[in-house]
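K.L.:
Below are the sequence and a predicted model for it; my questions follow.
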Amino acid sequence: SSDVCSSDLNGYQESGGRITMVKIYGTLGPACQDEKILTEMFALGMTGMRLNLSHVTLAESGELIGKMKWAAESCGVKPQLLIDLQGPELRTGAVAEPILLKNEEIVEICAAADWKTENERNDRCGDMDLIRSATDQKDQKVVEFLEKNSREELTETADKKKNSESSPVQNRTSAQRMSARIELPDITIPYLIPGQEILLDDGKIHLKVVENSENIKPGSGEKRRYFAKVLWGGLLKSRKSAAFPGAKINSPTLTKADLENIRLAKEMGVTGVMQPFVRGREDLECVKNALQEAGAEDVKLFAKIENLDGVRKLEELLPGADEIVIARGDLGNAVHLWDLPSVQREISQKCQATGKPFMVVTQMLASMERNPVPTRAEVNDIFHAVLDGASSVMVTGETAAGDYPVEVIRYLVNTVRSAELVRHG
C-alpha cells in the first residue's frame, strides 16, 4: 500500500503538483470496500468519505470504517468521515431483489406496518438480515441484465397502452393483478389521493396515484388498498428516495436510528454529520442538541438543502450550519430540472456572500457508474462548481456501487485541480 501511495501520484503531477484546497469526498460501499481500492483512492487525492446510514448502521460499519482509516493513514491522509443520517427523508422499503416497474403498469402501495402483518406479504420483502445478505451477494450480472433491458421493456409496455376509459385498477389483467407492491413509510398513506405524483430514486421512477375501484366499503373491517400507475418505470432497488411533489409531509427531524448513530459518532471517529431535508433552524438545533448530549459537540454539522423549505429559509440556516450541502438529487424533484442550475447558483452565491462553506453533490460523475470515462458535461459541471466557490465536492453511487471507483476519484480530483488553477490564478 505504501508503494501505491508513493508511486501513484499521477493526479498530483497532472495538475502541476498542486494539492487541492477543495475537499474531495467519495462514498463508502461494496464497490470500494477493498483496502487496495481505498488506498488508491486516497493516493489520488481523496480527502474523506461519506457513509449513507439509510442502508446500514454505524455500529455495523466498524470494519469498513477501519479499512478506510487504514488506507488513508497509509497515504499520510487524516480522513474526514461524514455520516448521512436518515432524517425526515422518505424512502421505499427494502427488497430482496430489484423490481422492474414497467410503464402503464398498476402497482400496489403498502404502508410499512401493513407489510409486516399481511399473510400474503410480497415474496420480495423478507427478513432484514436475509435482504442485506441477498443484496450483498446478488449476482451483478443479473442486475446488469435487468438494467440493460429495462428501457426496452418499458417502451414495449408503453406501446401497448390500453384505450379503456373505465377505472385503471378495475381493468387490470390477471397478470397485472400479481404486479409489484411498493412499501412506503406509513406517514405517507394519508397523502395517497388520486392524482398525487410520487417520484422514486431521485425522480428516475415516476408514479401517479389512481382511483381505487377495489376499495372496501367503510365498516367492512378490511383495510383500504392503494394503487398507482407507473408513468415512467425503471429498476427499483432497496431503500430509494421517495418524494411527493406538492405535499407537505411532516416527518420527525431524527429517527431512533439517527439518535443511536449520533451516540456512537465520536467513538467511531465521525468528523461530520449530514442532516437531510433541512426545513428550518429548528432541524439544525435538534441535531446540535443530540450531538451535545452524545458528547460530540466538535462534530461538524452539514445542512443538506433538498427541498423548497431549505431554499427559502437558507438565510436562517447559515449561522447554524458548519457547511451547506447543495444536494441536487431530491432538490431536482422539488423544482423543475431546468430551474435547478439557477437554484444551485443562488445558494452558492448566498454562501459566498456570507463566507459559509458549501458542498456540491449528486450525479457529478453518474455515467462513470458503468463507464470508465465521464461525459464532457460532467467534467464541466465539476469545474464550474469549483469556480462558483464550492469548498467540497462529493460523489455517491459512483464509488459506493459503481464499476470504476478509482477512476471516478482520478477524474474528480484532476478536474477540481484544473478548476482551482483558474479560480486562484
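P.N.:
Thanks, I have it. Just so it is clear, the structure is predicted and the values come from calculations on it, not from any experiment. Residues are numbered from 1 along each chain as shown.
K.L.:
I'd say residue 403 and residue 365 touch.
P.N.:
No - with contacts counted by CB atoms under 8 Å, residue 403 stays clear of residue 365, the gap being 12.0 Å. For every residue, glycine as well, the C-beta is placed using N, CA and C.
K.L.:
what's the burial count for residue 86?
P.N.:
Residue 86 has 23 neighbours, counted by other CB atoms under 10 Å.
K.L.:
Skipping its backbone neighbours, what lies nearest residue 410 in space?
P.N.:
Distances taken as CB to CB, 6 or more residues apart in numbering place residue 44 nearest to residue 410, at 5.3 Å, with adjacent residues excluded.
K.L.:
for the one you found, phi and psi?
P.N.:
Per-residue torsions, residue 44: phi -80, psi -20 (degrees, to the nearest 10).
K.L.:
For residue 75, see how far away it is.
P.N.:
Taking CB to CB, to the nearest Å as the measure, residue 44 falls 9 Å from residue 75.
K.L.:
Quick one, grab the pLDDT at the residue nearest to residue 410.
P.N.:
We have a pLDDT of 98 for residue 44.
K.L.:
same check, this time on residue 137
P.N.:
The predicted local confidence for residue 137 is 38.
K.L.:
for residue 257, same thing?
P.N.:
Predicted confidence (pLDDT) for residue 257: 94.
K.L.:
tell me what the host helix or strand of it is packed against?
P.N.:
Using DSSP states H and E, residue 257 sits within helix 256-265. Helix 256-265 makes packing contacts with helix 281-293 when contacts are defined by 3 or more CB pairs under 8 Å, 6 or more residues apart in numbering; DSSP states H and E.
K.L.:
Could you pull out the buried residues of the helix it packs on?
P.N.:
For helix 281-293, burial by neighbour count (16 or more other CB atoms under 10 Å) applies to 281, 283, 284, 286, 287, 288, 290, 291.
K.L.:
Now do it: which elements does it pack against?
P.N.:
Packed against helix 281-293, as judged by 3+ CB pairs under 8 Å, 6+ apart, are the following elements: helix 256-265, strand 272-275, strand 300-305, helix 314-317.
K.L.:
Let me have the ones you listed in a markdown table, extended by mean neighbour count and distance to residue 380.
P.N.:
Output for the helices and strands packed on helix 281-293, formatted as a markdown table (neighbours: other CB atoms under 10 Å; distance: least, CB to CB, whole Å):
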| stretch | mean neighbour count | distance to residue 380 |
| --- | --- | --- |
| helix 256-265 | 18 | 36 |
| strand 272-275 | 24 | 26 |
| strand 300-305 | 24 | 22 |
| helix 314-317 | 16 | 25 |
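K.L.:
Distance to residue 244 added to those, as a markdown table?
P.N.:
Below are these laid out as a markdown table (distance: least, CB to CB, whole Å):
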| stretch | distance to residue 244 |
| --- | --- |
| helix 256-265 | 21 |
| strand 272-275 | 20 |
| strand 300-305 | 18 |
| helix 314-317 | 22 |
